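>>> Return a 3D structure for these sequence lines:
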Amino acid sequence: MVKWYNSLGTKLTVSFMILIIFVSMGTFLFTVQEAKSALTDQMKEELVLTAKVMSSQIDGDLLYQIKGKEATENEAFMQIYQKLGELQGDNGDIIAYLYVMRLDEQGNARFIVDGAYLGDGVIDVYADQLYEDAPVEDIKKGLAAPHVSEEPYTDEWGTFMTGYAPIYDSNGNVAGVLGVDFDIATVKQKQDFLSSLVYYVLFGSILAATSVILYFSLTIIKDLNSITKVAENISNGELDIELPVIKSKSEIYELNEGMKSVFAAIEFLSGEAEKNSK
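Here you go, the predicted structure:
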């Protein structure tokens, strides 16, 4: 009796299982990576479009009236603040922050109006406040044309992907830049959900493939064991046996047909030998 670990069925099943696992893992990693990249690219496109549309609705002429800390809460400041609140509207779950900035003579980023500054009833960011952790290079690009940060960045308010778009005055000059922050946690949730979905699909595929392999493996081994048993009986001189019925038109079927020919030849030779002995 062949040990289970030496069985052809075991070897076939294990070999195919290893192959399926490797292929599935490669597919999983590739699919998840591509899906995450697609989600990130989609978010960047949405950010650029959102920043571009929103910046066109801000009056750039008002920004010139907001200079210095003392300008916090003047009429121009409040108009811009209210406009930012209107623009954010019901998108608070997606847009974390809306704010308007400029670069000073030293090239430092400064807030003109932060749309969330009255969120808790306290002025958190005043006019012309220095943005210490600002991604200055991205802001410079945003002053020239709609732009989105290539990678998420972290500042004192959290980790974000940000879209930028220039704000123009009535003469077509750039008066400032609008920043639109998307909370990276929102994107990460979508990526995690997609990863889980792909994982479950691949797990189901592996389970289905394993079931099919086990079925065919056991079927093949069953037919081979039947033919092996017949061969053992013949080698022991037992001729009163029945050959198995193999339904599949495979190599095993041809082997079984060959065994029939061998068995017929042995019966003929046995009969001839018996006649000669008499």
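
>>> tell me which strands and helices the helix ranked longest in the chain is in contact with?
Secondary structure of the chain read by DSSP state H shows that its longest helix is helix 184-235. Under the contact definition 3 or more C-beta pairs under 8 Å, 6 or more residues apart in numbering; DSSP states H and E, helix 184-235 sits against helix 8-55, strand 158-168, helix 251-277. From N, CA and C alone the C-beta is placed, and that goes for glycine too.

>>> The longest one versus helix 184-235: what angle between them?
Using axes from the mean of the first three to the mean of the last three C-alpha atoms, to 10 degrees, the inter-axis angle of helix 8-55 relative to helix 184-235 is 160 degrees.

>>> Report the inter-axis angle for helix 8-55 versus strand 158-168.
Using the same axes, to 10 degrees: helix 8-55 against strand 158-168 is 40 degrees.

>>> For the following helix or strand past helix 8-55, buried residues please.
Reading on from helix 8-55 to the C-terminus, the next helix or strand found by DSSP states H and E is helix 60-63. Using 16 or more other C-beta atoms under 10 Å as the test for burial, helix 60-63 gives 60, 62-63.

>>> which residues sit against helix 60-63?
76, 79-80, 100, 102, 112, 167-170, 173-176 (C-beta atoms under 8 Å, 6 or more residues apart in numbering).

>>> just the buried members of those residues?
Buried among the contacts of helix 60-63 by 16+ other C-beta under 10 Å: 76, 79-80, 100, 102, 112, 167-168, 175-176.

>>> which ones among those are found in strands?
100, 102, 112, 167-168, 175-176 (DSSP state E).

>>> Which two among those are spaced furthest apart?
Maximum pairwise distance among these (C-beta to C-beta): 14.2 Å, between I112 and Y168.

>>> Roughly how far does the closest residue in space to G107 that isn't next to it in sequence sit from G172?
Nearest residue to G107, sequence neighbours excluded (C-beta to C-beta, 6 or more residues apart in numbering): V136, at 6.7 Å. Computed as C-beta to C-beta, to the nearest Å, the V136 to G172 distance reads 24 Å.

>>> what about these two, which has more around it?
Ranked by neighbour count (other C-beta atoms under 10 Å), V136 and G172 place V136 first, with 13 against 7.

>>> Tell me how far the more buried one lies from N173.
Taking C-beta to C-beta, one finds V136 at 21 Å from N173.

>>> got it, and V201?
When V201 is compared with N173 (using C-beta to C-beta), they lie 53 Å apart.

>>> So, low pLDDT: which residues of the stretch 151-278 of the chain?
186-187, 191, 194, 217-218, 221, 223-224, 230-231, 233-278 (pLDDT under 70).

>>> same thing but 90
151-161, 182-278 (pLDDT under 90).

>>> correct me, but T27 touches F203?
No. The pair formed by T27 and F203 falls short of the contact definition of C-beta atoms under 8 Å, at 11.9 Å.

>>> still on that earlier bit, pop out the phi and psi values for the residue nearest to G107.
When read as degrees, to the nearest 10, the backbone of V136 gives phi -60, psi -40.

>>> The closest residue to T27 other than its chain neighbours: neighbouring residues, count only.
Among residues not flanking T27 along the chain, L202 sits closest, at 6.6 Å (C-beta to C-beta, 6+ apart). Neighbour count of L202, defined by other C-beta under 10 Å: 18.

>>> do L49 as well
Each residue near L49 was counted by other C-beta under 10 Å, and the total is 15.

>>> Who are the contact partners of it?
For L49, the contacting residues are P146, by C-beta under 8 Å, 6+ apart.

>>> repeat that for 6 Å
Applying C-beta atoms under 6 Å, 6 or more residues apart in numbering to L49 gives no contacts.

>>> repeat for I80
62, 113.

>>> and it, how far is that from T40?
Relative to T40, and taking C-beta to C-beta, I80 is found at 30 Å.

>>> Any buried residues in the strand or helix carrying V180, and which?
Assigned by DSSP H and E, V180 belongs to strand 174-183. Judged by neighbour count using 16+ other C-beta under 10 Å, the buried positions of strand 174-183 are 175-183.
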